[in-house]
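>>> What would the 3D arrangement of this be:
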Amino acid sequence: MKTVTALSVASEIYPLIKTGGLADVTGALPAALKPHGITMRTLVPGYPAVLAGIEDPHPVHVFAELFGGAARLLAARQDELELLVLDAPHLFARAGNPYVGPDGNDWPDNAFRFGALAKVAAMVGQGLVDGFSPQIVHAHDWQAGLTPAYLRYSGKASPATVFTIHNLAYQGQFPRDLLGALGLPERAFAMDGVEYYGAIGYLKAGLQLADRITTVSPAYALEIQGPEAGMGLDGLLRLRAQQLSGILNGIDDQVWDPSTDIRIAANYDLHTIAARSRNKLSLQGRFGLRPEPGTLLIGVISRLSWQKGLDLLIEVLPTLLADGTQLALLGSGDPALEAVFRTAAQAHPGQVGVVIGYDESLAHLVQAGADALLVPSRFEPCGLTQLCAMRYGAVPVVARVGGLADTVVDANEMAIATGVATGVQFSPVTADMLAAALLKTRALFADRAAWRNLQINGMTTDVSWRNPAQHYARLYRELLASR
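Numbering: from 1, shown residues only. Here you go, the predicted model:
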């Protein structure tokens, strides 16, 4: 098997910097591809958290000027991850969220911050780093979307390009008059280039100019070709349908392993699943819930937003709480939703527990201790929390959209009869249907044998990167063969 060399380009990577599932994917993919003969290095911005967490950093290139200041490209490692880190203090030396300033608004120079990431990615793709000549450059989401553009308009021989959409809703649009300052030629500002409704579209550039496009589930790949989920880009995606494929995400099954997880109260596996009860008790304590082992406990780990459908959960809260069911919610986002969930916790002490923010260790405990994990998203490209839930024996209750539809087998009558169900799905994504799904979940929980079967089916489902990595490796090799 001939080795393929690849460069991954992303704005975040676990465990160094994470705001969502993108980091989990970019952090896990290199190791998953290695058995398939793919060697991958990842280019990431040099945020303070990244610079503090890398090992053996050493400069491999110095930029006298890069969009307003000097910069260095560092080669480094983080455990098994091979990294290139763009150390540009004028662009990235800012604490906190990598995209948003302390005022809650996007950093005003995001066009240049992520333009620099893409520009350097293109330069690396064309041989900037001695001894590293990637055959594939794989760019992720809008922050890396200009990478194929810089390669296309450079006039130089370039590697093959793959662009992955993790969430089409975030598109990265900036004023047209930045084109020259970003180092792109005038001809790039065209319908078949980076132009998007009179602006520079970073995501659009990736979709238009990459050799292949992937997104993170087959269902989402179909959904985004229609106007409802296409976010204004459905026409372009239909035009490029032959270059578009959906490849499900996986999770790192070593990080997410209830038999070895040091973040939870008690380890367990398929044969010792009864030990989950200790995690449930610990979770109830952490969220101020009554220590009731026989009560249905529903967990939520989510960004609090319209996309995630958490406003619907507020609407159906009376249904959820009617028989004493408990809710443990971990998340942050829309201030109005944060406030209403805090109010719900105050109104229902011992039954509703809310932690605003994100805590990786607490997320593991929610998965290990909750009976069910609720994901009522209006749209969901893939979703990782439902995969973690299955791995940990928490039954996922999900909207039938995107990757949620692809990964959870609904406990309908036939699926239960044939023994393949792993969770509960509902559609359409309305308050009434969510309420019905919660009532169904309650009935299943009351049937201990049926519930245990759902748990076992979930825990024995392969949610790792093994299958997705095969698909990516095949795509890379087919792409190279076609050039």
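>>> can you give me the end-to-end distance of stretch 342-351?
13 Å (Cα to Cα, to the nearest Å).
>>> what pLDDT, on average, does that stretch get?
Averaged over stretch 342-351, pLDDT sits at 98.
>>> How far off centre is it?
Relative to its parent chain, stretch 342-351 has a centroid offset of 30 Å by Cα atoms, centre = their mean, to the nearest Å.
>>> Show residues contacting that stretch.
Outside stretch 342-351, the residues that touch it by Cβ atoms under 8 Å, 6 or more residues apart in numbering are 288-290, 314, 317, 321, 324-327, 352-354, 356. In this view, the C-beta of every residue, glycine as well, is placed from N, C-alpha and C.
>>> Any of those buried? List them.
289, 317, 321, 325, 326, 327, 352, 353, 354, 356 (16 or more other Cβ atoms under 10 Å).
>>> And the first one, how far from residue 366?
For residue 289, the distance to residue 366 under the criterion Cβ to Cβ, to the nearest Å works out to 12 Å.
>>> where do the contact lists of these two overlap?
Joint contacts of residue 289 and residue 366 (Cβ under 8 Å, 6+ apart) are 283, 328.
>>> quick one on the thing from earlier: in JSON lines: the buried ones among the contacts of stretch 342-351, plus secondary structure and distance to residue 202.
Listed next are these as JSON lines, based on DSSP: H, G, I helix; E, B strand; the rest coil; distance: Cβ to Cβ, whole Å:
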{"residue": "289", "secondary structure": "strand", "distance to residue 202": "43"}
{"residue": "317", "secondary structure": "helix", "distance to residue 202": "39"}
{"residue": "321", "secondary structure": "helix", "distance to residue 202": "43"}
{"residue": "325", "secondary structure": "coil", "distance to residue 202": "43"}
{"residue": "326", "secondary structure": "strand", "distance to residue 202": "43"}
{"residue": "327", "secondary structure": "strand", "distance to residue 202": "38"}
{"residue": "352", "secondary structure": "strand", "distance to residue 202": "40"}
{"residue": "353", "secondary structure": "strand", "distance to residue 202": "39"}
{"residue": "354", "secondary structure": "strand", "distance to residue 202": "35"}
{"residue": "356", "secondary structure": "strand", "distance to residue 202": "30"}
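>>> farthest-separated two in those?
325 and 356 (21.2 Å; Cβ to Cβ).
>>> picking that back up, right, and the pair among the contacts of stretch 342-351 with maximum separation?
Greatest spacing in the contacts of stretch 342-351, by Cβ to Cβ: 324 and 356 (24.1 Å).
>>> still on that earlier bit, distance to residue 276 added to the contacts of stretch 342-351, as a markdown table?
Compiled in a markdown table, the contacts of stretch 342-351 are given as follows (distance: Cβ to Cβ, whole Å):
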| residue | distance to residue 276 |
| --- | --- |
| 288 | 20 |
| 289 | 16 |
| 290 | 18 |
| 314 | 28 |
| 317 | 25 |
| 321 | 23 |
| 324 | 19 |
| 325 | 17 |
| 326 | 15 |
| 327 | 18 |
| 352 | 21 |
| 353 | 18 |
| 354 | 22 |
| 356 | 26 |
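>>> Closest one to residue 341 out of these, please.
Distances from residue 341 to the contacts of stretch 342-351, taken by Cβ to Cβ, are shortest for residue 354, at 4.7 Å.
>>> Hmm, the closest one is touching residue 337, no?
No: the criterion here is Cβ atoms under 8 Å, and residue 354 misses it with residue 337 at 10.5 Å.
>>> For the closest residue to residue 370 other than its chain neighbours, the count of nearby residues, please.
Nearest residue to residue 370, sequence neighbours excluded (Cβ to Cβ, 6 or more residues apart in numbering): residue 299, at 3.0 Å. Neighbours of residue 299 under the rule other Cβ atoms under 10 Å: 27.
>>> Neighbouring strands - and their directions - for the helix or strand hosting residue 299?
According to DSSP states H and E, residue 299 maps onto strand 297-304. Strand pairing for strand 297-304, using DSSP bridges, gives strand 326-333 (parallel), strand 372-375 (parallel).
>>> residues in contact with that strand?
If you take Cβ under 8 Å, 6+ apart as the criterion, strand 297-304 is touched by 20, 280, 283-284, 289, 308, 310, 313, 320, 325-334, 337-338, 341, 363, 366-367, 369-375, 385, 394, 397, 438, 441.
>>> Of those residues, just the buried ones, PyMOL syntax please.
What follows is the PyMOL syntax selecting those of the contacts of strand 297-304 that are buried according to 16+ other Cβ under 10 Å:
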select buried, resi 280+283+284+289+308+310+313+320+325+326+327+328+329+330+331+333+334+337+338+341+363+366+367+369+370+371+372+373+374+375+385+394+397+438+441
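>>> For residue 4, give me its contacts.
37, 38, 39, 135, 136, 473, 476, 477, 480.
>>> can you do 6 Å?
Contact analysis of residue 4 by Cβ atoms under 6 Å, 6 or more residues apart in numbering lists 38, 135, 476.
>>> Looks like the last one contacts residue 136 (just checking).
Yes: counting by Cβ atoms under 6 Å, residue 476 touches residue 136, with 5.2 Å between them.
>>> Next SSE downstream of whatever helix or strand residue 390 lives in?
Following DSSP H and E, one finds residue 390 within helix 385-392. Note on helix 385-392: by DSSP H and E, the next helix or strand toward the C-terminus is strand 395-399.
>>> Run me through the strand neighbours of that following strand, direction for each.
Paired strands of strand 395-399, with direction, are strand 372-375 (parallel), strand 424-426 (parallel) (DSSP bridges).
>>> tell me how far that strand is from the chain's mean position?
With Cα atoms, centre = their mean, you get 17 Å for strand 395-399.
>>> rewinding a little: just give me the closest of the buried ones among the contacts of stretch 342-351 to residue 71.
Using Cβ to Cβ, residue 356 is the member of those that lies nearest residue 71, at 35.9 Å.
>>> Contacts only, for the closest one.
332, 338.
>>> again, but for residue 202
The contact partners of residue 202, by Cβ under 6 Å, 6+ apart, come to 142, 145, 146, 172.
>>> Reformat these into CSV and put distance to residue 57 and neighbour count next to each item.
Shown next, in CSV, are the contacts of residue 202 (distance: Cβ to Cβ, whole Å; neighbours: other Cβ atoms under 10 Å):
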residue, distance to residue 57, neighbour count
142, 27, 27
145, 27, 31
146, 25, 34
172, 28, 25
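>>> Just give me the closest of the residues you listed to residue 249.
Closest to residue 249, out of all of those and judged by Cβ to Cβ, is residue 142, at 17.9 Å.
>>> Check what pLDDT that closest one gets.
pLDDT recorded at residue 142 is 98.
>>> Quick check: the gap between it and residue 191.
From residue 142 across to residue 191, the span is 18 Å (Cβ to Cβ).
>>> just residue 405 next, same as before
For residue 405, the distance to residue 191 (Cβ to Cβ) stands at 33 Å.
>>> Compare neighbour counts for those two and give me the winner.
Applying other Cβ under 10 Å to residue 405 and residue 191 shows that residue 405 carries more neighbours, namely 21 against 10.
>>> wait, doesn't that one sit right on residue 219?
Yes: the pair residue 405 / residue 219 is scored as a contact, 4.9 Å apart, by Cβ under 6 Å.
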